[in-house]
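A.B. asks: The following comprises the amino acid sequence and a computationally predicted model.
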Amino acid sequence: GDALALHDVAASPSEPQALIAPWLAPSDAAIRVLLGPQDDYFAHEAIEAFLNARWRLGARSDRMAYRLEGPPIAHRRGHDIVSDGVAMGAIQIPGDGMPLALMADRQPTGGYPKIATVIGADLGRLAQLRPGESLRFASVTWEEAVAARRAYRAAIEAGAERAPLMRDLTSESLLAENLVGGVVSAKD
């Protein structure tokens, strides 16, 4: 059902341009989740601990899963379930209690209980995080998730804007920019 809009061909600007896309802007807002599908494997206190913790994206994160570092989340009913399908953004809690947010290259099925799933409108923000950065989660209702997805889609459909990046691309202007932000230690 996706449609790509067609536009007349136009020459692109020759000077460097910044893409202003509000849906990609960094934010310290909580990553919104829907609880479940196996949130019944966790006591109320464990769910509250998951939602109230400040998590750190671990250095061993990759395109399969973001490994979160923080307080271990205790299981109430064990940490093994019959394998079932996993969606991008599903947050599994394995036996060590450390959450795994499943990402683009995730496996098709998983056998750990999933405490929550990141809503579609926030998947991009989660995917943009770098190892060492922190995040937190907030539980939302199905209705809030649907409204957030509609707002996200409307922002994308409104399009991005372009703004001149800089006039002269010189060594001085490049040195004034943070071109290597997000570098982490190889020891982490």
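C.D. replies: Structure received. Numbering: from 1, shown residues only.

A.B. asks: sec struct for D2, please.
C.D. replies: When classified by DSSP: H, G, I helix; E, B strand; the rest coil, D2 comes out as coil.

A.B. asks: Look at it and report its pLDDT.
C.D. replies: In this model, D2 is scored at 88, pLDDT.

A.B. asks: What of S185?
C.D. replies: So, for S185, pLDDT stands at 65.

A.B. asks: So that it lines up with my notes, have the first residue be 469 from now on.
C.D. replies: Sure, I'll start numbering at 469, so the last one becomes S653.

A.B. asks: can you tell me the helix or strand for E611?
C.D. replies: Assigned by DSSP states H and E, E611 belongs to helix 610-626.

A.B. asks: Packing partners of that helix?
C.D. replies: Packing partners of helix 610-626 (3 or more CB pairs under 8 Å, 6 or more residues apart in numbering; DSSP states H and E): strand 499-503, helix 588-595. C-beta: built from backbone N, CA, C; applies to glycine.

A.B. asks: Can you flag the weakest of the ones you listed by average pLDDT?
C.D. replies: The lowest average pLDDT among these, as it happens, falls on helix 588-595, at a mean of 94.

A.B. asks: Helices of this protein, start to end?
C.D. replies: Assigned by DSSP state H, the helices in the chain fall at 512-520, 588-595, 610-626, 639-643.

A.B. asks: got JSON lines for those helices, with mean neighbour count and distance to L568 too?
C.D. replies: As requested, the helices of the chain are arranged in JSON lines below (neighbours: other CB atoms under 10 Å; distance: least, CB to CB, whole Å):
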{"stretch": "helix 512-520", "mean neighbour count": "16", "distance to L568": "13"}
{"stretch": "helix 588-595", "mean neighbour count": "19", "distance to L568": "12"}
{"stretch": "helix 610-626", "mean neighbour count": "13", "distance to L568": "21"}
{"stretch": "helix 639-643", "mean neighbour count": "9", "distance to L568": "38"}
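
A.B. asks: Thanks a lot, see you next time.
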